[in-house]
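1. Return a 3D structure for these sequence lines:
(chains A and B)
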Amino acid sequence: MSSSPSPSSALPFSADSAPPAALHLAVALDGAGWHPAAWREPVARPGELFTARYWADLVTEAERGLLDFVTIEDGLGLQSSHFTEPDGRTDQVRGRLDAVLIAARVAPLTSHIGLVPTVVATHTEPFHISKAIATLDYVSTGRAGVRVQVSARRNEAAHFGRRTLPAFEDVEDLGRPEVRELTADLFDEAADYAEAVRRLWDSWEDDAEIRDVATGRFIDRDKLHYIDFEGKHFSVKGPSITPRPPQGRPLVSALAHEGPTDAPFRLLGRSADLGYVTPRDAGHAHAIVTAVRAEQDAAGRGDEPLHLFGDLVVFLDDAPAAAAARRERLDSLAGQPYTSDARIFTGTPAQLADLLAELAQAGLTGFRLRPAVVGHDLPAITRGLVPELQRRGVFRRAYEADTLRGLLGLARPASRYAATA
Amino acid sequence: MSKSTSPDKPLKQIHLAAHFPGVNNTTVWSDPEAGSHIEFSSFAHFARTAERAKFDFLFLAEGLRLREQGGQIYDLDVVGRPDTFAVLTALAAVTEHLGLTGTINSTFNEPYEVARQFASLDHLSDGRAAWNVVTSWDAFTGENFRRGGFLPQEERYSRAKEFLTTAHELFDSWRGDEILADQETGTFLNDAKVGAFVHQGRHFDIQGQFNVPRSPQGRPVIFQAGDSEEGREFAAEGADAIFSRYSTLEEGQAFYTDVKGRLARHGRTHDQLLILPAATFVLGDTDAEAEELSREVRRKQVSGATAIKHLEFVWNRDLSAYDPEGPLPDIDPDLGEHTVARGRAQVRMYRDPLATAREWRELAAANKWSIRDLVIETGNRQSFVGSPATVAEAINSFVQADASDGFILVPHITPGGLDAFADTVVPLLQERGVFRTEYEGTTLRDHLGLAHPDATPSIPEPVSVPTPDPAPTSVPASAGR
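-> This next block holds a predicted model:
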């Protein structure tokens, strides 16, 4: 494994920069928290999970901590402890509101934090999502993003009745040829989806609205463009019905695991501005970064910035033993030890800051923290971890930009059609 | 208005709504007072004005493909609009009572997703969501969707009906009492099968579990637009309100009588379906001043270029060589499939283009109207023109005479065009005791006087587990009341 930064890394946070580079920090919001027993903690508000106030409180807290953005989880079926099928459990939080609409609801109540809802590319329409996220960008004046997710769940496919998916049981099955093929196909479709969405955002040039009273023309139609996207699974004509959003292109992000197929990393390489990855340690982080950069180069986007955020589940307390005891207590309530696709951290804000610094050395540009118990671990992030990172000089002390792209150091892109018009 | 209210009849309460004008030539975008039609601040201003005036709801239309004419994107009206769900949900953050009504197409969407979005909007607005169900079938719009396809015209109501039925099955799949969230016992739900549904029909064959708990209104208020026989019947069967386009007293009364007369056949009562025509208005200090202003507005709405384009809706051929200030073409319209104006519902209004062309030529000749005069005089008429007192009187007379239950007002200035109405006409209606001075309830159903659907229908057994051999699922849209 080479220690030199990837040649494609155009970011200001490369691994060999001398002073500690600034970190970016996001938090992943999901119900009462990521531990399945989180809702049973006294700080949880399980009866309020379907209210606007609950979500407004969480996002406001994240903004108080100057975080770059929040993601909001979603899914087109009930949550399940099973890898691919419903579990019929009644002892965990089940049910959720549409994430894009939660983001839209809190947008007017906040002013700086980025809002990144999850959308399921497998069953929804790129045209609808493109205008929905563009509108989220308008209602938040430039703070919108989207996390594109695939669904291989057969029960969710049955909610739409348009396609059937093969059955598989657990993580081990991912290596089976037909499951590998399915995974690759779903992720490649998601990459097409993200590409169609981005082209729709570009389909209006920024100055298309001219309101030329002399000629009576509201728009200059030469500055609107058909995208004519054709992929394996769908085609979209365009242009969007929604004018180009404030950020030009809202942030596109996706979670990608290392696995039997390259398709998840290829999705990041082709069409994402930011990828969430799940490193076990610094060495693994470096391997992931190298693999994603290679996909980025292969997609011909080597010169474009692509953030890579490490995902971690966090139990944060002032004393390490308290965090460990809390995890044990929750595991006992859940009846089994908590496992996750992401590394689970238990400890103090200072210890977490040390770990983040170590992982960042491997080329990650930020982190998305998944609070185990949102009522406890979110304030522990904003009021414990953030001050710790500020003391170390690696986190902002005030919002320095009004848009999500601005916070992440990403330039506002020009419409691809303007460049070739 | 000649017909007066009979003395023994109690005064009807008027329902008022505000339509944020979209892509048509109602909006006078060239007016110096016109603001953005896309920035959220415009929508927030408009919504706050409507709420200040105690309106029932705000309404947004939808379009899923930019209009074209003569093979080019239409550029004379406002072009572009936001996503309905996202902007309505954001408006829930800046208002507390105002109903939030959005048009969502049943052709280019799927029931599970749309039901989730409306249930989510209803939760996030504390019970203020409404859905205007519309149908579309054209391949032109379909080119923007992965589903790609389109429907034969005769199937659009079939799909819309089944879409609505399916959505209601999903809304009703949670009774509303399933979430215990008991932290002591660790019981979050009292039923493992929450949200279970099976629907097998001509257009949808789906099953599983709906994942949004029952929302404050149980399900959104249902609006319907459409004037065909099928449209009227569709509304009478299951809608809570219908948009009409009749703004004269006699036409309005005829429509009102017809549609309300259909309700009994569906086991519904007179007050379970509201009839709300769209209406424009122009206010002045005096009636004469308003008339003068109205003439100016209409000339701004119909430029010479706009007049020619409107004529093409009927003629279905390129008329760009004609002088808008000159006489109407003496050639006949092109019959058959409309190919000149695309993505525009208006062209379907002219079912007999030859007859329309003949009628218009006669009108123009008799009145010595140019093309532009003709378009100004035959379209875009303001429903209410006058001083605030005149307009208040006209609106009240119309409603008391059972020509409608209220109006959906469309100002010609975005977003400030509603302010004068809120400040001058609404107080006069309140003085007459025909419009609320405060919101009495919290949900849109409360504002509209509609019953809340049963929150906990008496289902003796939990819904059965989906099986490969599902029971018939054709539940009428009105079931569960």
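
2. Stretch B:404-418 - what's its average pLDDT?
-> Mean per-residue pLDDT for stretch B:404-418: 96.

3. before we move on, what about stretch A:291-303?
-> On average, stretch A:291-303 scores 96.

4. same for the helix or strand in which A:D377 is found, what does it pack against?
-> Element membership for A:D377, per DSSP states H and E: helix A:374-380. Judged by 3 or more CB pairs under 8 Å, 6 or more residues apart in numbering or on different chains; DSSP states H and E, helix A:374-380 is in contact with strand A:24-29, helix A:52-64, strand A:307-316, strand A:366-371. Bear in mind the C-beta positions are built from the backbone N, C-alpha and C, glycine included.

5. Show me what the next helix or strand after it is packed up against.
-> Using DSSP H and E, the helix or strand that follows helix A:374-380 in sequence is helix A:386-391. For helix A:386-391, the elements it packs on are helix A:349-360, judged by 3+ CB pairs under 8 Å, 6+ apart.

6. So which bits of the helix it packs on are buried?
-> A:P349, A:A350, A:Q351, A:L352, A:A353, A:L355, A:L356, A:A357, A:L359, A:A360 (16 or more other CB atoms under 10 Å in any protein chain shown).

7. and for that helix, what are the contacting residues?
-> A:13, A:20-21, A:23, A:279, A:281-282, A:285, A:310, A:312, A:314, A:316, A:320, A:345, A:367, A:380-381, A:384-385, A:387-389, A:392, A:394 (CB atoms under 8 Å, 6 or more residues apart in numbering or on different chains).

8. quick one: the residue in the stretch 201-350 of chain A positioned nearest to chain B from A:D185, how far?
-> Nearest residue of the stretch 201-350 of chain A to chain B: A:F234, at 3.2 Å (CB to the nearest CB). Counting by CB to CB, to the nearest Å, the gap from A:F234 to A:D185 is 13 Å.

9. Then B:E230?
-> Separation of B:E230 from A:D185 (CB to CB): 40 Å.

10. circling back to that earlier point, now do the contacts for the residue of the stretch 201-350 of chain A closest to chain B.
-> Contacts for A:F234 (CB under 8 Å, 6+ apart) come out as A:P126, A:D192, A:Y193, A:A196, B:F145, B:R146, B:G148.

11. let's go with 10 Å and repeat that
-> A:E125, A:P126, A:F127, A:E189, A:D192, A:Y193, A:A196, B:F145, B:R146, B:R147, B:G148 (CB atoms under 10 Å, 6 or more residues apart in numbering or on different chains).

12. How about the secondary structure of the fifth one?
-> Right, the one you point to is A:D192. helix (DSSP: H, G, I helix; E, B strand; the rest coil).

13. is it true that it touches A:S271?
-> Yes: using CB atoms under 10 Å, A:D192 is in contact with A:S271, at 8.4 Å.

14. residues near A:F229, how many?
-> 20 (other CB atoms under 10 Å in any protein chain shown).

15. That one bridge partners, please.
-> In this entry, A:F229 is beta-bridged to A:V236, by DSSP bridges.

16. so B:R48 is in which element?
-> Since the elements are taken from DSSP H and E, B:R48 ends up inside helix B:40-52.

17. got the buried residues for that helix?
-> Here helix B:40-52 shows B:F40, B:S42, B:F43, B:A44, B:H45, B:F46, B:A47, B:R48, B:T49, B:A50, B:E51 as buried, counting by 16+ other CB under 10 Å.

18. So which of those is the closest to chain A?
-> B:F40 (4.4 Å).

19. who touches the residue nearest to the closest one when sequence neighbours are not counted in this structure?
-> Closest residue in space to B:F40, ignoring its immediate chain neighbours: A:V139 at 4.4 Å, by CB to CB, 6 or more residues apart in numbering or on different chains. Taking CB under 10 Å, 6+ apart, we find A:V139 in contact with A:103-108, A:115, B:39-41, B:43-44, B:82-83, B:86-87, B:89-91, B:93-94.

20. Kindly report the same for A:D318.
-> By CB under 10 Å, 6+ apart, the contact set of A:D318 is A:T348, A:P349, A:A350, A:A380, A:G384.
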